[in-house]
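# coords please:
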Amino acid sequence: TPYAKAPNRPTQPINTEYIQSDSSVQDSPDQLIDTPSEHIFTSRYQDWQPEIQRQYDFIASALNAVMRHHIISRDILDIGVVKVSYDHAVSIYINYSGEIYQGEGFLVNPMNIYIEGQDHA
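Okay, here's the model as predicted:
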């Protein structure tokens, strides 16, 4: 199936030069000028740690529900809304749009997900 194929990998390595795991590092925003990261107002790990953790937890909640399972279908339900179904009766609804999506008995907020059948995971 086309879903079993490995995802495409970026052709350029990701620049992690300014990502610091040492919270004592005090990078000046001036160091980011004229770099691909100049839109970042600070690169201090301690400033970004809560946001990094929030995003990790969000992604992990979806991936944990489908880990070691295979995609069996991907359906476009509406503009910006996709349902991805897995081989163990779990589906993830992904709302990429800026509008609330009304499903059958559930809502998916903009830029959010809804996991159906998670009890089977």
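# Helix, strand, or coil at the most centrally placed residue in the chain?
By CA atoms, centre = their mean, the mean C-alpha position of the chain lies nearest to residue 59, the distance being 4.9 Å. For residue 59, the assignment made with DSSP: H, G, I helix; E, B strand; the rest coil gives helix.
# Same question for residue 73.
Classification of residue 73 using three-state DSSP returns strand.
# What distance do you get for the residue nearest to the centre of the chain to residue 104?
The gap separating residue 59 from residue 104 is 25 Å, by CB to CB, to the nearest Å. Every C-beta, even on glycine, is put in place using the N, C-alpha and C of the backbone.
# now swap in residue 71 and tell me
21 Å.
# Pick out whichever of those two has more residues nearby.
Between residue 71 and residue 104, counted using other CB atoms under 10 Å, residue 71 has the larger neighbour count: 15 against 5.
# In this structure the more buried one contacts residue 88, no?
No - Residue 71 lies out of contact with residue 88 (CB atoms under 8 Å); the separation is 11.1 Å.
# any shared contact partners between these two?
In the contact map built from CB atoms under 8 Å, 6 or more residues apart in numbering, no residue is linked to both residue 71 and residue 88.
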